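In: take a look and give me a structure for this.
(one chain, ligands or ions: 2)
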Amino acid sequence: MEWSPSDAATMIARPGAHDDKYSRGVLGVMTGSEQYPGAAVLGVDSALRTGVGMVRYRGPERATNLVLQRHPEAVTAEGRVQAWLLGSGMGEPDDDMRRMLLDALSEKVPTVVDAGALGLLGHASGPVVATPHARELGRLLGVEPDEISADPARWCAVAAERLGAVVLLKGSRTHVAGPRGTRLACAEATPWLATAGTGDALGGILGALLATHSAGLAGGGEEAERMLVRLAATASLVHSLAALRASGGAPFTVLELNAAIPQTVAGLLSGIAE
Ligand SMILES: NC(=O)C1=CN([C@@H]2O[C@H](COP(=O)(O)OP(=O)(O)OC[C@H]3O[C@@H](n4cnc5c(N)ncnc54)[C@H](OP(=O)(O)O)[C@@H]3O)[C@@H](O)[C@H]2O)[C@@H](O)CC1
Ligand SMILES: Nc1ncnc2c1ncn2[C@@H]1O[C@H](COP(=O)(O)OP(=O)(O)O)[C@@H](O)[C@H]1O
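Out: Ligands and ions are numbered 1, 2, ... in the order given. Okay, here's the model as predicted:
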């Protein structure tokens, strides 16, 4: 089934008069590395622009400083979170980072597992969305990336079943599947999205959506899986609509994509089809 803007609008939590930053949801972000500190900035920025009660960033010193420089509202102290975004901008994590990732994965909260954390997927104890591109999925399944790109919908479903997690497979068209067989696809996105760092932004959008729906996901089971699949497809749709806004037919930077997220969310909530 193809996920539409009106479907996506139903998966965006609007804050109410009784909300505070904690009731809206805190997103923990453990991303970036000495090698790729920029990925941390991109994911924190996109999460804040999607709407979340708080972002708690935990990562290497250089990335932490860059995140704080751009977003002083990000909290870098340890504390409780309602969801995690893990792994963007990490190659193979070193021992210290691996320990931190494993601690986060043991917390049983909804978690986005991206890039360098994909190898730890089997340690997750809560609901998970894995967000590989074809090459990363190829590595996880021991399959040639070209084979995956030739039939992404099928490989996404196979991966969800084999990995026991919701899988969002990135590409020109993004597919989402759950281990029990739920499947969604998004319309083909603008090819201007094929630029470094856009996947890091997608991670932040999805992380924010998980944090703001953590209560609904807590029960687990089939209902939570269906919700996770819908949230993942919604993140992809917000991402591609924001890219269209940022692009207007021209190239754009990832920060420009992120800057277009709030108006994209407003457009979805007011029912303006784009
Ligand atoms: N701003 C940031 O901080 C950003 C950080 N980022 C972070 O970087 C991490 C790695 O992300 P990724 O997805 O690119 O890694 P991966 O799947 O291992 O692919 C690498 C493979 O590509 C290939 N390759 C290399 N050059 C090539 C070329 N010119 N033309 C064709 N092929 C080429 C190369 O193959 P080879 O050189 O062996 O032929 C290699 O095997 C990840 O953590 C991500 O979050 C990114 O999001 C970007 C922005
Ligand atoms: N040809 C394309 N057309 C449309 N969207 C694309 C295309 N190629 C990649 N994308 C999208 O761009 C993003 C790239 O993410 P990713 O591969 O993780 O890159 P990075 O690691 O550099 O951030 C994904 O959301 C993917 O769906």
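In: for residue 114, give me its contacts.
Out: By C-beta atoms under 8 Å, 6 or more residues apart in numbering, the contact set of residue 114 is 31, 85-88, 130-132, 199-200, 203. The way it works is simple: take the backbone N, C-alpha and C, and place the C-beta from them, glycine included.
In: contacting residues for residue 180?
Out: Contacts for residue 180 (C-beta under 8 Å, 6+ apart) come out as 222, 225.
In: list the helices and strands the helix or strand bottoming out on mean pLDDT in the chain packs on?
Out: For the chain, counting by mean pLDDT, DSSP states H and E, helix 214-217 ranks last in confidence among helices and strands (a mean of 94). Under the contact criterion of 3 or more C-beta pairs under 8 Å, 6 or more residues apart in numbering; DSSP states H and E, helix 214-217 touches helix 221-247.
In: helix or strand next in line after the helix it packs on, which one?
Out: Later in the chain than helix 221-247, the nearest helix or strand by DSSP states H and E is helix 254-259.
In: contacts for that next one next, please.
Out: With contacts defined as C-beta under 8 Å, 6+ apart, helix 254-259 is touched by 42, 45-46, 49, 193, 195-198, 200-201, 204, 239, 242-243, 246.
In: need the buried ones from the residues you listed selected in PyMOL.
Out: Those of the contacts of helix 254-259 that count as buried under 16 or more other C-beta atoms under 10 Å are selected in PyMOL with:
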select buried, resi 42+45+46+49+193+197+198+200+201+204+239+242+243+246
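In: which of the contacts of helix 254-259 sits closest to residue 160?
Out: residue 239 (19.8 Å; C-beta to C-beta).
In: what's the closest one in contact with, if anything?
Out: 189, 193, 198, 201-202, 205, 257.
In: before we move on, back to that, among the contacts of helix 254-259, which pair sits farthest apart?
Out: 49 and 196 (19.1 Å).
In: picking up where we left off before, what is the nearest of the contacts of residue 114 to ligand 2?
Out: Lowest distance from ligand 2 to the contacts of residue 114 (C-beta to the nearest ligand atom) belongs to residue 199, with 2.0 Å.
In: in three-state terms, label that closest one for me.
Out: helix (DSSP: H, G, I helix; E, B strand; the rest coil).
In: what about the residue nearest the centre of the chain, distance to residue 164?
Out: By C-alpha atoms, centre = their mean, the chain has its centre lying nearest to residue 203, at 2.8 Å. Separation of residue 203 from residue 164 (C-beta to C-beta, to the nearest Å): 20 Å.
In: repeat that for residue 87.
Out: Distance, residue 87 to residue 164, by C-beta to C-beta: 18 Å.
In: more neighbours, these two?
Out: residue 87 (31 against 13; other C-beta atoms under 10 Å).
In: identify the residues contacting that one.
Out: 30-31, 93, 101, 113-118, 120.
In: ok, these vs residue 269, which is closest?
Out: Among the contacts of residue 87, residue 114 lies closest to residue 269 (C-beta to C-beta), at 26.2 Å.
In: phi, psi of the closest one?
Out: Phi and psi for residue 114, reported as degrees, to the nearest 10, are phi -120, psi 160.
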